[in-house]
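Peer 1: 3D model of this:
(chains A and B)
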Amino acid sequence: MYNKLSIALGTALAVGVAGVAGGAMAKVEGDTIILGSAISLSGKYSTNGLHTQRGYDFAVDRINEKGGVKVGGKSYKLAIKYYDDESTPARATQLAERLIQQDGVEFMLGPYGTGLTKAVAPVTEKFGVPMVEAEGASRSLFTQGYKYMFAVLSTSEYYLAPVLDVVAQRAKSEGKDPAKMRIGMAFENDGFSLDVRAGVLDVAKKYNMKIVIDDKLPADLSDMSATLTKFKALKPDILLVSGHSKGAATAARQIEEMKIQAPVVAITHCEAAKVHEKFPKSANGMMCPTQWLSNLPKKDAYFGTASQWNEDFKKLHPSYSAVPYQTAQASAAVLVFKDAFERANSFDQKQVRDALAATNMETFYGDIKFAPEGNNIAKPMFYRQIGADGSYKPIVSPADMTFPRKANY
Amino acid sequence: MLDNLQLLFVYAPVMNIQMILDGIFVGAVFALSAYGLALVWGVMNVKNLAQGDFVIMGGYVAFSLYKLGIHPVIAIPIVAVCMFMFGWIVYIMIIRRVIDNDMFVSLLATFGLSLLLQQVMNLIYGPEVQTIDSHFPIFTMFDDFVTIPVVKIVSLALAMIFALAVVIFMKKSRMGQAIRATAQDARAARVLGINTDNVYAFTYSLNASICGVAGVLVSMIWVLQPFYGIVYSLRTFAIVTAAGLGNLPAVIGMSFALGWVEQYAGIIAGAEWQVASAVFMLLGVLMWRQIQLRRQRQVVR
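Peer 2: Modelled structure (predicted):
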């Protein structure tokens, strides 16, 4: 009886070991490098999850078409193994473990959003799996000392803070004192938006701007009229709002309804919320941060310029009238991996990690160079102002800005 | 906080007009869904956790009609009928099976229903925020300081008309009488020949229909998102618990009170306290009730 049990156990163990060994081979099967990703294909982030997935796939196809990844004199194709994380962090953690432990994936692409990236990063870190993520912007991701996570996008504290720089310079050039400008702001009470707020506080301090309203919006608040009523009474010069696309939609709707006449209004995620289509009156003159511009003068060997990437992607997916930056940065993440594999000239995780850390490249998405913490420090955040006709105009210098904004309610 | 009080009462007292008006408009929408909940709770003893999701669903039905070019105000009767039928289906499939079980079964069943509705709406409409533009003008007073969107006045009027219709229906019609009789004593009603199963189905469907109408108003005033139902569920539960079942004037009063408390909490304590204030109000009312009841409580020794 005892013997039988030990034989059974032994067999199970042997199968297990074989399974792990087989799994470890899975990262590069034949001539294919398999990247893993838990991505939101259902649940509340499913739209953006799909944007991300399409960006990844678009880059994988293009790299494979153009000869794949050359490592050790051999050409490898890229492939991605996806799981649906259902937009829940707990599921994303499970799936990251499954990808690494059961499927033997040794290189990961990030999920969508800060919250899910936060759930996956401890797992990839524990197993020493290099991960390039394209969609988690929160500053707090890069203060944990992660060594294996790299992000191609600008971090959250740059979402609204540079607007204050632009406004201050513009005010100075018109002979006004930026220190006399007052700010009213409302941020959703979540990690991402509070990071945006922290960035704003720093810059406001630099120019001595006074913050007269500083509200934190609950995650499920669909009514910010109390904040805006206060805004009307105090009449600050600058209105800043961050609360993902639902915050942008709520703000745009109620700014219009309450006829807020602030000279400067800046809101995150206004594109995603389509405020220019739904609320053209209040959107007029609104400043919107974006990670990427489709006419950015940057290029690489695989996609050409930013506008070529944009055109090619639209050809493949005609349903997009404007391609979101989430898709562009996902494509850039795959380029970064390809570049790192070739420079490391190996599939050793440690060497690939070191190659990623030394990344210094130009892509259609912008320059990419990682800080020791893993965030991209070479690419700035970009700003666009919505015009009266609903168009988005890039703000390159302070003189480009329509200031004060003239909303015609 | 002190600055905010000063602002409110010293520097810009006109703000109060805006707050009070907004409170009324908000309260009117809450009153509808709260009345529906009070009805279902009182008549069937089912605590419908999917209340908020019915509201959002009504909004989405209106949104679909809006896409077809139907104005939301005209869509109200269509939504009411659609939601009524949907309520009937839900009753036959789920609620009928849990109504005689204990409280937790109905809580679990409606919680499951709520999750199901959220995910189905997410699959159909996507997680993006949707809005409906009613194209109504916006009135302003006091040099643009107080703004009153006509859509909110229309919503208030529609909520009042609908509430009145429901009250008259409950008082006058045969079905209304049957519903009230069943609420008082289901067994006696059955003995006297009332088909209580039908009454329950009708009550539940009526609630879904009322929620649907509230949802249309929500879609015109605020925003729709598949996962926003919980906000409305939470508030309606707070209102109904505080007001008591079967007490329509109290439910309406509480709804307006909640609207005002939220507005003022948002200004005085900051927006982060706005939703929390609903729960604080519920706590306050329950404590006050407890004290009041203790005075009258008598024990047979």
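
Peer 1: now the residue of the stretch 201-350 of chain A found nearest chain B. Nearest residue, chain neighbours left out?
Peer 2: Residue nearest to chain B within the stretch 201-350 of chain A: residue A:226 (2.7 Å; CB to the nearest CB). Where C-beta positions appear, they are placed from N, C-alpha and C, glycine not excepted. Leaving aside its chain neighbours, residue A:226 sits nearest to residue B:266 (2.7 Å; criterion: CB to CB, 6 or more residues apart in numbering or on different chains).

Peer 1: what sits against the one you found?
Peer 2: A:225, A:226, A:227, B:273, B:274, B:277 (CB atoms under 8 Å, 6 or more residues apart in numbering or on different chains).

Peer 1: for residue B:137, same thing?
Peer 2: Neighbour list for residue B:137: B:149, B:150 [criterion: CB under 8 Å, 6+ apart].

Peer 1: first-to-last residue distance for stretch A:365-380?
Peer 2: 11 Å (CA to CA, to the nearest Å).

Peer 1: my guess is residue B:109 meets residue B:98, correct?
Peer 2: Yes. Between residue B:109 and residue B:98 there is a contact under CB atoms under 8 Å: 4.6 Å.

Peer 1: the two: which is more packed in?
Peer 2: Legend: neighbour count by other CB atoms under 10 Å in any protein chain shown for residue B:109 and residue B:98, higher for residue B:109 (21 against 18).

Peer 1: identify the residues contacting the helix or strand containing the more buried one?
Peer 2: Element membership of residue B:109, judged by DSSP states H and E, is helix B:103-125. Residues outside helix B:103-125 that contact it (CB under 8 Å, 6+ apart) are A:42-44, A:46, B:45-50, B:52-54, B:56-57, B:60, B:63, B:90, B:94-95, B:97-99, B:224, B:226-227, B:229-230, B:233.

Peer 1: the helices in the stretch 201-301 of chain B, which residues?
Peer 2: Ranges of helices in the stretch 201-301 of chain B, per DSSP state H, counting those that start in this stretch, are B:229-243, B:248-268, B:274-296.

Peer 1: now the residue nearest to residue A:226: how far from residue A:393?
Peer 2: Distance, residue B:266 to residue A:393, using CB to CB, to the nearest Å: 34 Å.

Peer 1: part of a helix, is residue A:330?
Peer 2: Yes. Checked against DSSP: H, G, I helix; E, B strand; the rest coil, residue A:330 lies within a helix.

Peer 1: which residues does it contact?
Peer 2: Residue A:330 neighbours (CB under 8 Å, 6+ apart): A:51, A:52, A:53, A:54, A:55, A:56, A:59, A:109, A:134, A:135.

Peer 1: over to residue A:296?
Peer 2: Contacts of residue A:296 (CB under 8 Å, 6+ apart): A:305, A:306, A:364, A:365, A:366, A:382.

Peer 1: residue B:136 now?
Peer 2: Counted by CB under 8 Å, 6+ apart, residue B:136 has contacts B:149, B:150, B:151, B:154.

Peer 1: find the residue closest to residue B:84 in space, skipping its chain neighbours.
Peer 2: Spatial nearest neighbour of residue B:84, chain neighbours left out: residue B:209 (4.1 Å); criterion: CB to CB, 6+ apart.

Peer 1: surely that neighbour meets residue B:78?
Peer 2: No. With contact defined as CB under 8 Å, residue B:209 does not reach residue B:78; the gap is 11.1 Å.

Peer 1: these two - which one has more neighbours?
Peer 2: residue B:209 (26 against 15).

Peer 1: so residue A:208: helix, strand or coil?
Peer 2: coil.

Peer 1: per-residue pLDDT, it?
Peer 2: With respect to pLDDT, residue A:208 has a value of 93.

Peer 1: and it, how many neighbours?
Peer 2: 12.

Peer 1: same question for residue B:180.
Peer 2: 16.

Peer 1: give me the pLDDT for the closest residue to it other than its chain neighbours.
Peer 2: Spatial nearest neighbour of residue B:180, excluding adjacent residues (CB to CB, 6+ apart): residue B:170 at 6.5 Å. On pLDDT, residue B:170 comes in at 88.
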